[in-house]
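>>> For reference, the sequence and a predicted model appear below.
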Amino acid sequence: MSVNLKSFADEHKIKYFMISFTDLFGSQRAKIVPAQAISEMEKNGAGFAGFASWLDMSPADSDMLAIPDSGAAVKLPWKPDVAWVPAYCYMDGSSVEQAPRNILKQLVERARALGIEIKTGVEAEFFLLSEDGSAISDDYDYAEKPCYDQQTIMRRFDVIAEICDYMLSLGWNPYQNDHEDANGQFEMNWEYDDLMKTADRHSFFKFMVKSVAEKHGLRATFMPKPFPHLTGNGCHLHLSVWQNGNNLFEDSKSVDGLSDYGLNFLAGVLKNAPSMTALTNPTVNSYKRINAPVTKSGATWSPNTVTWTGNNRTHMVRIPDNGRFELRLADGAVNPYLLQAAVVAAGLDGIEKKLLPGKKLDINMYEEGHKLKGVKKLPLNLLDALRLLKNSKVMRGYLGDEMIDGFCKLKEKEWNDYSAFLSDWEKKTTLDV
């Protein structure tokens, strides 16, 4: 429901608003607006030069206007006289077709036209590092298997509890927090909801975690693979589709844990997984997570093959219980809005074409995956992933040519910058060739 931001400011004693949009690379951009000026911004938007962010624009383009979605405003729990409000982007009177939140809005409307509501939840992993980001912040966090270690998480209790308290105050219904599989790594979970709410909360969560970490003299990172010997940061997505209060994925008689409708949706995700990997795993570093060797703990917990299973964490998709599935592909660098958009696009393709997911596998992929014949592999690097995305008719059809072309253009430049970088490894291995 729409809320007048001036009334919101009066009610919550807000002095400043952060009008925020997320660019193609997932970077959060904002202008700080005093509450006395918010009515004008609510009507006409805050002006940005799109070229100055990661959007495919030029310095000659008109101002891009970020019009706040007033119903999504969030009071900063750690700075209560400031409110964050995500925005939709417009230029020359038209919606910016490459703006990630705009794209997700269009997919929400597309799903609504089909009479369905898509609900999602995310598991966003992160590391707490020293202030300069060079090392794990806890010198005593060095166990080979640190996952769920109670002594270690209690040493970071002040940080984790503060973030969780804020989520409670915001009504997110957080339900568990833990030390994850890598040294210095944590995960915090909150209740699933409508996919736009989840995307906004995911975006705000990253901002909040970084802000609280800085407050405690630390640095938080969602980087996919910050340390070569440790498990990387994943961002698992849980998904179900609803209609009139009924979960369309649920079927108590199904041996696979999903209804036929759910299997169609899942099949679309499996079919389109290689072509959407550039969106779910959008950095050069991402492919050092999904194509990683065994880590210190004994498992990477990330996929490299397009397979699905029951309650088995070694596959790209698992069905932990009846009525939902978990996609384990995305990583911490994923754009919160493009993650939702890409998976929904893939799933709706499966619904439209009544695709079937193929055989469910119950094997341990980490030990027996090499024995499989004819299964699809995920891209080995960002360039391969971009080529698949660029040629995907499904992703273009649902996300739009402007977004796909802009994203690929900017990411190809990133790949070329990376390729031009001369590493110590290259000198070490080829200097004497």
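Great, that's in hand.
>>> where in this structure is pLDDT low?
Residue ranges of the chain with pLDDT under 70: 1-2.
>>> which one's the longest strand in it?
strand 117-129 (DSSP state E).
>>> Now do that strand: which elements does it pack against?
helix 100-113, strand 185-190, strand 193-194, helix 195-215, strand 219-221, strand 235-243, helix 336-353 (3 or more C-beta pairs under 8 Å, 6 or more residues apart in numbering; DSSP states H and E). All C-beta spots, glycine's among them, are computed from the backbone N, C-alpha and C.
>>> Export those to CSV and append columns for mean neighbour count and distance to Met154.
Converted to CSV, the helices and strands packed on strand 117-129 look like this (neighbours: other C-beta atoms under 10 Å; distance: least, C-beta to C-beta, whole Å):
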stretch, mean neighbour count, distance to Met154
helix 100-113, 18, 37
strand 185-190, 22, 12
strand 193-194, 15, 30
helix 195-215, 20, 17
strand 219-221, 20, 18
strand 235-243, 21, 25
helix 336-353, 25, 30
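>>> Let's have these in a markdown table, adding distance to Glu42.
Shown next, in a markdown table, are those (distance: least, C-beta to C-beta, whole Å):
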| stretch | distance to Glu42 |
| --- | --- |
| helix 100-113 | 16 |
| strand 185-190 | 28 |
| strand 193-194 | 22 |
| helix 195-215 | 17 |
| strand 219-221 | 31 |
| strand 235-243 | 31 |
| helix 336-353 | 21 |
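>>> Can you tell me which of the ones you listed is nearest to Met403?
helix 100-113 (5.8 Å; C-beta to C-beta).
>>> returning to what we had before: how far off centre is the longest strand of the chain?
7 Å (C-alpha atoms, centre = their mean, to the nearest Å).
>>> orientation of that strand relative to strand 185-190 in degrees?
150 degrees (axes from the mean of the first three to the mean of the last three C-alpha atoms, to 10 degrees).
>>> Strand 117-129: what's the following helix or strand?
helix 150-155 (DSSP states H and E).
>>> residues in contact with that next one?
When contacts are defined by C-beta atoms under 8 Å, 6 or more residues apart in numbering, helix 150-155 is touched by residues 138, 140-141, 143, 146, 160, 177-179, 186.
>>> Just put those in TSV and tack on distance to Ser53.
Formatted as TSV, those follow (distance: C-beta to C-beta, whole Å):
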residue	distance to Ser53
Asp138	34
Tyr140	40
Asp141	35
Ala143	41
Pro146	37
Ile160	31
Asn177	32
Asp178	34
His179	34
Phe186	29
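>>> of all those, which comes closest to Ile404?
Distances from Ile404 to the contacts of helix 150-155, taken by C-beta to C-beta, are shortest for Phe186, at 33.8 Å.
>>> got the contact list for the closest one?
125-128, 153, 156, 160, 177-180.
>>> likewise Val269?
317, 327, 343, 346-347, 350 are the contacts of Val269 under C-beta under 8 Å, 6+ apart.
>>> now it: how far from Leu230?
Distance, Val269 to Leu230, by C-beta to C-beta, to the nearest Å: 28 Å.
>>> Check Trp308 too.
The value you get for Trp308 to Leu230, if C-beta to C-beta is used, is 27 Å.
>>> Look up how far Val3 lies from Phe205.
For Phe205, the distance to Val3 - C-beta to C-beta - is 21 Å.
>>> again but with Arg101, I slipped
17 Å.
>>> Same question for Thr305.
Thr305 is 46 Å from Val3, by C-beta to C-beta.
>>> More neighbours: those two, which one.
Thr305 (18 against 15; other C-beta atoms under 10 Å).
>>> The more buried one and Leu230, how far apart?
Applying C-beta to C-beta to Thr305 and Leu230 gives a distance of 22 Å.
>>> got it, and Ser7?
48 Å.
>>> Of the two, give the one with the bigger neighbour count.
Taking other C-beta under 10 Å, Ser7 and Leu230 do not tie; Leu230 has more neighbours (22 against 11).
>>> mind listing the helices for the protein?
5-12, 38-44, 100-113, 150-155, 157-169, 195-215, 260-280, 287-290, 336-353, 365-368, 382-390, 393-399, 401-419, 424-430 (DSSP state H).
>>> Which one of those lies nearest to Ala73?
helix 5-12 (5.6 Å).
>>> Residues touching that closest one, excluding its own?
14-15, 17, 35, 38-39, 41-42, 68, 70, 73, 75, 80, 83, 85.
>>> what comes up buried for it?
5-6, 8-9 (16 or more other C-beta atoms under 10 Å).
>>> So for Asp424, which of the helices and strands packed on strand 117-129 sits nearest?
strand 219-221 (21.8 Å).
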